[in-house]
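**Student:** Sequence unavailable; structure follows:
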DNA sequence: TTTCTGCATGTAATCGATTACATTATACTA
DNA sequence: TAGTATAATGTAATCGATTACATGCAGAAA
């Protein structure tokens, strides 16, 4: 049904090789021949069959993007950054949801291997990354985004979580706060661990004692933000302000506070990582750490393209992007 | 580098045809041979090359998903529903961002045609859909989600916007509200038009006069929600409650209200389409219309698979999913 | 024993491009 | 004018699978 390179060749009275050369911009083709071919292509509404092309060239111009959840604005804004950058180079993106499960992550990697993608960008589902080697062993470059993993090193685009956290806490201290609670994520995730580190380092630098009673760990999800905020508020000596290490826990924590009856409502403020959606509109929220989400995607895509085009084995490279402090 | 069907065949001492038959579950293969082949496959860590397979079978087991924006929870939750359903059938999804531009939408369609996808799910960028024919003319089935378009009819999964709107307004009236403002979307989008319709129909049914002064139209974006809420509040006789027809305008409108100084703050409530993220946590918000986002994606994927497997030309089919009223 | 049937497997063409190598045409040099 | 370099194009193998058709072989029937 659809016309092939043969049809074009026949109509233009040349060989398929010539047509192929025209399509690929081979400079040796005479302008007369090129013209003939282009006319035939137009007349037949010929569209190249990338499947066939890929079979020969071993390039699909498709990359995989694996992330722990699709309905998550952070991940999807990164994905947007990836798509934006990649399409400049004619690449498209197969989006995979690992559902925060290492098992599913493995499945997606197998899938992408079978689809013969040219490269993969991964926001890891967990701290473990040994299965990512399945990709690199087949010569498929991998770029990690947002988090690093154990047992696997590669290019990565991260944000400077430590200094992001540090800057908020420093700001809070300078604003007069002393009793600063914390709701962190699973510290097996590097992002969570680093934010933790920043929080503690700032307190130490300002000689404020670290009180484990007002440090709680959730799992980056709304519900855990809710639960941990409750735990904090039930402390004998609750914090004046709580620094929460991601947006969804921020939302959950806010929910808890809103639900408390006015009478019981503690006088507490919130600082939080992530300036997304309407984080800045949330009650209680005083300060935010904004991550350059699009840029994470852009850079990750850029690094991947580079690796794809230059297969020499360089040292893994890590880009750290800066966060921004947003005071309401 | 990677092993091919030939390597497997050689190692197992059979022909490539036999290996292919084992892979594809041909029942004629003797269990002895099958065993041999499977062992070779395992030993060589053979992974099928889908590029080569696709070239012969003319199926890529890949579908395209085009939506107006990636960093949008509604669209991405639909995408999640799509991915969830499709992976059951071994399909993967190329996600494309049309950036709310018909031009970019066209480009993505061309891209997907060249990638030889087996089908496409589109959340249209605008009211115009004539370019979708490029797909169906090549025999590639299309399923629309969320919105219909002019000049192109096909399978579609929509929500019952009219009754969704109607139900909120009815509820508000029953709760005693009479002066109910409205912030709608661009009525060239069918979803916006239908929500409009539901709003007006309910008012008429309850004999409440429709006052154009408290009906404003935005564009489904945050900023327009902000602007239109301001306009409403500047009316001589502002509404007691405003029904807003999507989440992002809801957020913007809330932002406007929050920013008003306590003193100036009008006593106004909000009802809104979409129960996403933290819609339900927003100040002022009393009632929500929840859309079954995952289900939209599931159904769209299901319809697409059906079309792909059964190429007979049936009448376009439209699924309307019900919304749910959520009273805070 | 011979012929036939049907199952299991093999042979080789094919999908639609790319590309190494071959060939022809053209221009330039001595 | 013959010889050679160069440019333009063609021929045909190839990528890795699928599959129509061919073949071989075991057991059943005669």
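**Tutor:** Structure's in. What do you need? All values derive from a computational prediction rather than experimental measurement. Numbering: from 1, shown residues only, chains lettered A, B, ... in the order given.

**Student:** From here on, just use CA atoms for contacts and neighbour counts.
**Tutor:** Will do.

**Student:** what does stretch A:167-181 contact?
**Tutor:** In this structure, residues lying in contact with stretch A:167-181 by Cα atoms under 8 Å, 6 or more residues apart in numbering or on different chains are A:199, A:202-203, A:208, A:214-215, A:232, A:238-243, A:271, A:287-289, A:325.

**Student:** can you check stretch A:145-153 too?
**Tutor:** By Cα under 8 Å, 6+ apart, the surrounding residues in contact with stretch A:145-153 are A:121-124, A:126-130, A:132-133, A:156-159, A:189-191, A:296-297, A:300, A:316.

**Student:** Identify those among those residues that sit within strands.
**Tutor:** With strands identified by DSSP state E, the entries of the contacts of stretch A:145-153 that belong to them are A:121, A:122, A:156, A:157, A:158, A:159.

**Student:** Quick one: the residues you listed as a markdown table, columns for neighbour count and distance to chain B too.
**Tutor:** Below are the ones in strands among the contacts of stretch A:145-153 laid out as a markdown table (neighbours: other Cα atoms under 10 Å in any protein chain shown; distance: Cα to the nearest Cα, whole Å):
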| residue | neighbour count | distance to chain B |
| --- | --- | --- |
| A:121 | 26 | 14 |
| A:122 | 25 | 16 |
| A:156 | 26 | 22 |
| A:157 | 26 | 19 |
| A:158 | 24 | 19 |
| A:159 | 22 | 19 |
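
**Student:** Just the closest of the residues you listed to residue A:184, please.
**Tutor:** Minimum separation from residue A:184 among those (Cα to Cα) is found for residue A:159, which lies at 16.3 Å.

**Student:** quick one: that closest one and residue A:324 touch, right?
**Tutor:** No. Contact status for residue A:159 versus residue A:324: not in contact, 10.4 Å apart, counting by Cα atoms under 8 Å.

**Student:** Now the common contact residues for these two.
**Tutor:** Any residue near both residue A:159 and residue A:324 by Cα under 8 Å, 6+ apart counts here, and that gives residue A:291.

**Student:** contacting residues for residue A:63?
**Tutor:** Contacts of residue A:63 were listed using Cα under 8 Å, 6+ apart, and they are A:91, A:92, A:93, A:94, A:117, A:118, A:119, A:120, A:121.

**Student:** do the same with residue A:247
**Tutor:** Taking Cα under 8 Å, 6+ apart as the criterion, residue A:247 is in contact with A:220, A:272, A:273, A:274, A:275, A:276, A:279.

**Student:** One more pass at 10 Å, please.
**Tutor:** For residue A:247, the contacting residues are A:73-74, A:220-222, A:225, A:253, A:272-279, A:288-289, taking Cα atoms under 10 Å, 6 or more residues apart in numbering or on different chains as the criterion.

**Student:** if we look at DNA strand D, which of those are close to it?
**Tutor:** Subset of the contacts of residue A:247 in contact with DNA strand D: empty, counting by Cα under 7 Å from any atom of the strand.

**Student:** out of these, which touch chain B?
**Tutor:** The subset of the contacts of residue A:247 lying close to chain B, counting by Cα under 10 Å from any Cα of the partner chain, consists of A:73, A:74, A:222, A:277, A:278, A:279.

**Student:** and stretch A:308-324, which residues are buried?
**Tutor:** Applying a neighbour-count criterion of 16 or more other Cα atoms under 10 Å in any protein chain shown, the buried positions in stretch A:308-324 are A:308, A:318, A:319, A:321, A:323, A:324.

**Student:** make that stretch A:20-36, sorry
**Tutor:** Using 16+ other Cα under 10 Å, the residues of stretch A:20-36 that count as buried are A:20, A:22, A:33, A:34, A:36.

**Student:** how about the fourth one, secondary structure?
**Tutor:** Three-state secondary structure (criterion: DSSP: H, G, I helix; E, B strand; the rest coil) places residue A:34 in helix.

**Student:** Run through the residues that contact it.
**Tutor:** Remark: with contacts taken as Cα under 10 Å, 6+ apart, residue A:34 is in contact with A:12, A:18, A:19, A:21, A:22, A:23, A:25, A:26, A:27, A:28, A:40.

**Student:** go again using 8 Å as the cut-off
**Tutor:** Counting by Cα under 8 Å, 6+ apart, residue A:34 makes contact with residue A:22.

**Student:** Please tell me how far it sits from residue A:2.
**Tutor:** As for residue A:34, its distance to residue A:2 is 21 Å (criterion: Cα to Cα, to the nearest Å).

**Student:** what does chain A put close to DNA strand D?
**Tutor:** Of all the residues in chain A, those in contact range of DNA strand D (Cα under 7 Å from any atom of the strand) are A:13-18, A:27-34, A:52, A:55-56.

**Student:** quick one on the thing from earlier: would you format the ones next to chain B among the contacts of residue A:247 as a markdown table with neighbour count included?
**Tutor:** Rendered in a markdown table, the data for these read as follows (neighbours: other Cα atoms under 10 Å in any protein chain shown):
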| residue | neighbour count |
| --- | --- |
| A:73 | 21 |
| A:74 | 23 |
| A:222 | 21 |
| A:277 | 18 |
| A:278 | 19 |
| A:279 | 19 |
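
**Student:** closest to residue A:138 among the residues you listed?
**Tutor:** residue A:74 (29.7 Å).

**Student:** Can you verify my assumption that the closest one contacts residue A:275?
**Tutor:** No. Taking Cα under 8 Å as the contact criterion, residue A:74 and residue A:275 are not neighbours in contact, 9.5 Å apart.

**Student:** how about residue A:46, secondary structure?
**Tutor:** For residue A:46, the assignment made with three-state DSSP gives coil.

**Student:** right, and it touches residue A:8 too?
**Tutor:** Yes. In terms of Cα under 8 Å, residue A:46 counts as a neighbour of residue A:8; the distance is 7.4 Å.

**Student:** So for those two, which residue has more residues nearby?
**Tutor:** The residue with more neighbours, out of residue A:46 and residue A:8 and counting by other Cα atoms under 10 Å in any protein chain shown, is residue A:8; that gives 26 against 16.

**Student:** The more buried one reaches residue A:19, doesn't it?
**Tutor:** Yes. Under the contact definition of Cα under 8 Å, residue A:8 touches residue A:19, with a separation of 7.2 Å.

**Student:** intersection of neighbour lists for the two?
**Tutor:** Joint contacts of residue A:8 and residue A:19 (Cα under 8 Å, 6+ apart) are residue A:37.

**Student:** pLDDT score for the residue in the stretch 201-328 of chain A positioned nearest to DNA strand C?
**Tutor:** Here the residue of the stretch 201-328 of chain A nearest DNA strand C is residue A:309; by Cα to the nearest atom of the strand that distance is 13.9 Å. Turning to residue A:309, the model gives it a pLDDT of 89.

**Student:** Please report how far it lies from DNA strand D.
**Tutor:** 19 Å (Cα to the nearest atom of the strand, to the nearest Å).

**Student:** sorry, back to before: for the buried residues of stretch A:308-324, which one is nearest chain B?
**Tutor:** When those are ranked by distance to chain B (Cα to the nearest Cα), residue A:308 comes first, at 16.8 Å.

**Student:** Off-centre distance for the host helix or strand of residue A:171?
**Tutor:** Residue A:171 is located in helix A:161-174, with elements delineated by DSSP states H and E. Between the mean C-alpha point of helix A:161-174 and the mean C-alpha point of its chain there is a distance of 23 Å (Cα atoms, centre = their mean, to the nearest Å).

**Student:** could you give the mean pLDDT of it?
**Tutor:** When the per-residue pLDDT values of helix A:161-174 are averaged, the result is 97.

**Student:** immediately after that helix, which helix or strand?
**Tutor:** As assigned by DSSP H and E, the chain's next helix or strand after helix A:161-174 is strand A:180-184.

**Student:** For that next one, what is the distance to the chain centroid?
**Tutor:** Distance, stretch centre to chain centre, for strand A:180-184: 24 Å (Cα atoms, centre = their mean).

**Student:** buried residues in it?
**Tutor:** Buried residues in strand A:180-184, counting neighbours by 16+ other Cα under 10 Å, are found at A:180, A:181, A:182, A:183, A:184.

**Student:** Which member of those is positioned nearest residue B:165?
**Tutor:** Within the buried residues of strand A:180-184, the smallest distance to residue B:165 is 39.0 Å, found for residue A:183 (Cα to Cα).
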